[in-house]
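Student: return atomic coordinates for the entry below.
(one chain, ligands or ions: 2)
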Amino acid sequence: ASVASNASCIFCKIIKGEIPSFKLIETAKSYSFLDIQPTADAHVLVIPKYHGAKLHNIPDDYLADILPVVKKLTKVLHLDENNTPDGEGYNVLQNNGRIAHQMVDHVHFHLIPKRDAATGLE
Ligand code: 5GP
Ligand code: ZN
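Tutor: Ligands and ions are numbered 1, 2, ... in the order given. So this is what the prediction gives:
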């Protein structure tokens, strides 16, 4: 076990498959999966395969892996402008610290679809 993994961390356990998850995209340095308590349909989390609580704790090469995955997921989820009905979009959110509403101390990016009520989706 290196500093890159923490045996008591719920997201490290998800990366290792010790806790089940609905996996979407896995790369050498990142893992993405559905949020267990979604605030919208297809609420996704993208995490580095490196245990660090806050953004500034994560090495650049792990961070560099993440945004292209978020971008790919917007296409997979049909959230980008070429694939979506009018009015759809998304939020990308990353909380650091309790005061900023972070509950799991392993860096994660939320990808939260925002759908127009007129589409009947969200
Ligand atoms: P935070 O508030 O730390 O930014 O967000 C943590 C997110 O992790 C929450 O949206 C919560 O629903 C999600 N979460 C917590 N535990 C689990 C889990 O065991 N599995 C999955 N898939 N998501 C989790
Ligand atoms: Zn962790």
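
Student: ok, residue 21 to residue 49 distance?
Tutor: Going from residue 21 to residue 49 by Cβ to Cβ, to the nearest Å gives 13 Å. Yep, even glycine has a C-beta here, placed from its N, CA and C like the rest.

Student: mind listing the helices for this structure?
Tutor: Here the chain has its helices, by DSSP state H, at 10-16, 60-76.

Student: buried deepest among those helices, which one?
Tutor: Highest mean neighbour count of these: helix 10-16, a mean of 18 (counted as mean count of other Cβ atoms under 10 Å).

Student: what packs against it?
Tutor: Secondary-structure packing of helix 10-16 (3 or more Cβ pairs under 8 Å, 6 or more residues apart in numbering; DSSP states H and E): strand 30-34, strand 44-48.

Student: export the helices of the chain as a markdown table, with columns for distance to ligand 1 and mean pLDDT.
Tutor: Below are the helices of the chain laid out as a markdown table (distance: least, Cβ to the nearest ligand atom, whole Å; pLDDT from 0 to 100):
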| stretch | distance to ligand 1 | mean pLDDT |
| --- | --- | --- |
| helix 10-16 | 5 | 98 |
| helix 60-76 | 15 | 96 |
